[in-house]
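Chemist: sequence and predicted structure, then a few things I'm wondering about:
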Amino acid sequence: MAKVTVDGIEVEIANGSTVLQAAEAAGVEIPRFCYHERLSVAGNCRMCLVEIEKMPPRPQASCALPVSDGMVVHTDTEMVRKARRGVMEFLLINHPLDCPICDQGGECDLQDEAVSYGRDDSRYDEGKRAVAQLDWGPLVKTTMTRCIHCTRCIRFSTEVAGVSELGATARGESMQVGTYIQKALSSELSGNIIDLCPVGALTSKPYAFTARPWELRKTDSVDVLDAVGTNIRVDARGAEVLRILPRMNDDVNEEWLGDKSRFAVDGLKRRRLDRPWVRENGKLRAASWEEAFAAIAGRMKAVTPDRLGAITGDQCDVESMLALKEFFAALGSQNLDCRQDGAVFDASRRSFYLFNTTIAGIEEADALLIIGSNPRHEAPVLNARIRKRWLAGGFAAALIGTAHDLTYPAEQIGVGPDAITALLDGTHAFSATLEAAKAPMIILGAGVLARPDGAAIHAAAWQLALKYNMLSAEWHGFNVLHHAAARTGALDIGFLPGEGGKATSQMLQDGVDVLWLQGADELDVAAIGAKTFVIYQGHHGDAGAARADVILPGSAYTEKDGTYVSTEGRVQSGFLAVKAPGDAREDWRIIRALSAYMGHALPYDSLQDMRAHLAATYPLFAPANAFRRFAGTDTAAPAGDVSAMSDAPFVPVFETYYQTDAVSRASPTMAACIAAHAPVVAEAAE
């Protein structure tokens, strides 16, 4: 540790840290444009100049200067102030000064630092430089005349996203940042360069000229378009969500957000269900809640409990799933399932279906085996964490399944279960890597579990974890990567077939007379029996609503307070940002009202009562038990016959990253992304 004095404040900081980091530890602000704590040091902008005692009498760039013991730093001397004013004057020489029409206005680093550290006048009278605008696809809007060459976007795309398609051409005043050959950005994390840009050079194209930041109402929430549990901030004006931004959480998403989660926001106001509907004479007609409840009650009371079934979807909150489960329990039905894809695996222990290493724990691993998964599409933020670990060195990765560009080297060691068998036998070359690793880990794609031999693969993956020392008191290397935000929470509350109950496939094949679909749009609705009475409860007019006989309009994740459990088992809460449109209501309240209508009133009337009941019934939802890291000392294996694995190769879960759920399928921006990347996909297929 080095002792450093910054403006009279003495701090201790690790050797190798920079002067800028020492100043932050002392609580002293140093302006910067190019420096970012999650990117490599570039030293481009020279705004972070300071004065160091016993060094040559000139300003020093604090972002690139390592500390030494006894160093004395001054951040506000006359020399430093003059140097910063000079730097700011040079930065503004070619800046267009178009703040009134810039979407970055109000949250622009250049504005803030020009006021705090710049001159109050300009001595520059010559003509300003103009730069042609570039087309980087449907997500990022470029106004490169404003660019100050901080290179944050270049470093992010190369280092964090792992897609080296941005760079700088020419030098000096002629330098331009771009893709060299004009093309749409192909990274699933490209929207993060908007947040990183300290000026208005890179802004959100779908959000352009929509609102000013001071007009927006900001609400903390959790993303549900994948299972990572990314912390987000929902910005709304009036009754409309206008944008979604990431919140910092070092244990989950750091400060990154996937493009689908960020830009599919326009799907929240399209194809919405805003009133109940009832099918009469083969056609849906608008109805009142009373009429919808009467139609449902009439059909439910006319059949025996074993002919009632419920399937919950991929974006449901825990409260709504618990209400539906307890409602069906009151009716006497055991036909419940949360696995629209028909996944078969042992859910008797939580560690069998969690990402047990945890997302932050990825940085402790030294070997990785991916089985039937594409983390880049299923969980891009988690994939960035894997890349971060690879960049640190001493990390080997292998893939069983379809070859993908994962943004880090991953040797394809097989395409199907044959490779798992070879690893279990110890005959595969990668066995030696796993054997030598001190903290190896497995990522088992949840899509693999939907195969007919899913239970066998689940058991085989656990056997691999046992064989290669992934289960101990200090390390748990067995991980299931879910892609459905609701799946882990549903498994936690046991939203599965009870004794004698029917699974999804059985319910679809004329196994029930009344089928309740709670936001379930990812199943094959064509497989539902022609005579089955379908109740759809959800927020979008997607596949489930098209087949429904009664539609109950629910709330999207931005329109309710809800609890969600991420793939690593982290319990998090989302909060209401806007009211649901029309007559739509929170899902658990709809079920509570219907249960009272049918004479089986559920024992809670408010969200507080519901959550108290949830915590009492399932203690892991109590605040004190919200998240813990599992130790792998219990080596009991999940049910499944390893010998039952077939030879069929693993296939990707998603055809495209951009449209995987009802919200993203309703988004024009996501449709534009697919169109923009169609030529690239076609070339890759050839």
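Modeler: Sure thing, it's come through.
Chemist: can you pull out the low-pLDDT segments for this structure?
Modeler: In the prediction, the chain carries residues with pLDDT under 70 at positions 624-634, 679-686.
Chemist: I'd like the distance between the residue nearest the centre of it and residue 254.
Modeler: In the chain, the centroid-proximal residue (CA atoms, centre = their mean) is residue 230; its distance is 4.5 Å. Remark: distance between residue 230 and residue 254 (CB to CB, to the nearest Å) = 10 Å. To be clear about C-beta, it is placed using only N, CA and C from the backbone, and glycine gets the same treatment.
Chemist: cool, and residue 649?
Modeler: In this structure, residue 649 and residue 254 are 34 Å apart, going by CB to CB.
Chemist: also residue 411?
Modeler: In this view, residue 411 and residue 254 are 27 Å apart by CB to CB.
Chemist: who's more crowded, those two?
Modeler: Between residue 411 and residue 254, counted using other CB atoms under 10 Å, the more crowded position is residue 254 (21 against 12).
Chemist: what do residue 230 and residue 254 both touch?
Modeler: Between them, residue 230 and residue 254 have residue 381 as joint contacts when contacts are counted by CB atoms under 8 Å, 6 or more residues apart in numbering.
Chemist: so residue 91 sits right up against residue 45, yeah?
Modeler: Yes: using CB atoms under 8 Å, residue 91 and residue 45 qualify as a contacting pair, with a distance of 7.4 Å.
Chemist: run through the helices of the stretch 501-650 of the chain in chain order.
Modeler: Assignment of helices within the stretch 501-650 of the chain using DSSP state H, counting those that start in this stretch yields the ranges 504-506, 543-547, 587-597, 607-617.
Chemist: looking at these, spot the one closest to residue 573.
Modeler: Closest of the helices of the stretch 501-650 of the chain to residue 573 is helix 607-617, at 9.3 Å (criterion: CB to CB).
Chemist: report the buried residues of that closest one.
Modeler: For helix 607-617, the buried set under the neighbour-count rule, 16 or more other CB atoms under 10 Å, comprises 607, 610, 611, 613, 614, 615.
Chemist: could I get the contacting residues of the third one?
Modeler: The reference is to residue 611. With contact taken as CB under 8 Å, 6+ apart, residue 611 is in contact with 319, 563, 621.
Chemist: output stretch 327-346 as CSV, nothing but the C-alphas.
Modeler: In CSV, the C-alpha atoms belonging to stretch 327-346 read as follows (Å, rounded to 0.1, in the frame of the first residue of the first chain):
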residue,chain,number,x,y,z
PHE,A,327,-56.0,-20.5,-6.8
PHE,A,328,-55.6,-23.8,-8.6
ALA,A,329,-54.8,-25.6,-5.3
ALA,A,330,-58.1,-24.2,-3.9
LEU,A,331,-59.9,-25.6,-6.9
GLY,A,332,-58.2,-29.0,-6.4
SER,A,333,-56.0,-29.1,-9.5
GLN,A,334,-52.4,-30.3,-9.6
ASN,A,335,-51.9,-29.5,-13.3
LEU,A,336,-49.4,-26.7,-13.1
ASP,A,337,-46.2,-26.1,-15.1
CYS,A,338,-43.8,-23.2,-15.7
ARG,A,339,-41.8,-25.0,-18.4
GLN,A,340,-43.4,-23.9,-21.7
ASP,A,341,-40.5,-25.6,-23.6
GLY,A,342,-41.2,-28.9,-21.8
ALA,A,343,-37.8,-28.9,-20.0
VAL,A,344,-37.4,-32.1,-17.9
PHE,A,345,-34.9,-31.9,-15.0
ASP,A,346,-34.7,-32.5,-11.3
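Chemist: and the closest residue to residue 206 other than its chain neighbours, what are its phi and psi?
Modeler: The shortest distance from residue 206 to any residue other than its chain neighbours is 4.9 Å, reached at residue 669 (CB to CB, 6 or more residues apart in numbering). Here the main-chain torsion angles of residue 669 (degrees, to the nearest 10) amount to phi -70, psi -40.
Chemist: strands of the stretch 401-550 of the chain, start to end?
Modeler: Ranges of strands in the stretch 401-550 of the chain, per DSSP state E, counting those that start in this stretch, are 411-414, 440-445, 478-481, 514-518, 533-538, 550-553.
Chemist: need the ones you listed in JSON lines (columns: distance to residue 660).
Modeler: Output for these, formatted as JSON lines (distance: least, CB to CB, whole Å):
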{"stretch": "strand 411-414", "distance to residue 660": "24"}
{"stretch": "strand 440-445", "distance to residue 660": "14"}
{"stretch": "strand 478-481", "distance to residue 660": "14"}
{"stretch": "strand 514-518", "distance to residue 660": "18"}
{"stretch": "strand 533-538", "distance to residue 660": "16"}
{"stretch": "strand 550-553", "distance to residue 660": "22"}
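Chemist: the helices in the stretch 101-250 of the chain, which residues?
Modeler: Ranges of helices in the stretch 101-250 of the chain, per DSSP H, counting those that start in this stretch, are 109-117, 152-155, 192-196.
Chemist: okay, the ones you listed in CSV with mean neighbour count and distance to residue 134 next?
Modeler: Compiled in CSV, the helices of the stretch 101-250 of the chain are given as follows (neighbours: other CB atoms under 10 Å; distance: least, CB to CB, whole Å):
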stretch, mean neighbour count, distance to residue 134
helix 109-117, 17, 20
helix 152-155, 23, 12
helix 192-196, 22, 13
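Chemist: ok, the closest residue to residue 614 other than its chain neighbours - contacts?
Modeler: When the adjacent residues along the chain are set aside, residue 614 lies closest to residue 621, with 5.0 Å between them (CB to CB, 6+ apart). Remark: with contacts taken as CB under 8 Å, 6+ apart, residue 621 is in contact with 318, 492, 563, 571, 611, 614, 615.
Chemist: quick check, nearest of those residues to residue 660?
Modeler: Residue 660 lies nearest to residue 318 out of the contacts of residue 621, by CB to CB, at 21.0 Å.
Chemist: and the closest one, how many neighbours?
Modeler: Other residues lying near residue 318 total 26 when counted by other CB under 10 Å.
Chemist: so it is in contact with residue 613, correct?
Modeler: No: checked against CB under 8 Å, the pair residue 318 and residue 613 is beyond contact range at 11.5 Å.
Chemist: now render the contacts of residue 611 as TSV, adding distance to residue 505.
Modeler: Shown next, in TSV, are the contacts of residue 611 (distance: CB to CB, whole Å):
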residue	distance to residue 505
319	27
563	28
621	29
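Chemist: which ones among the residues you listed lie within strands?
Modeler: When DSSP state E is applied, the contacts of residue 611 are split such that residue 563 fall in strands.
Chemist: and the helices in the stretch 251-400 of the chain?
Modeler: According to DSSP H, counting those that start in this stretch, the helices that the stretch 251-400 of the chain contains are 259-263, 289-301, 318-331, 375-378, 380-391.
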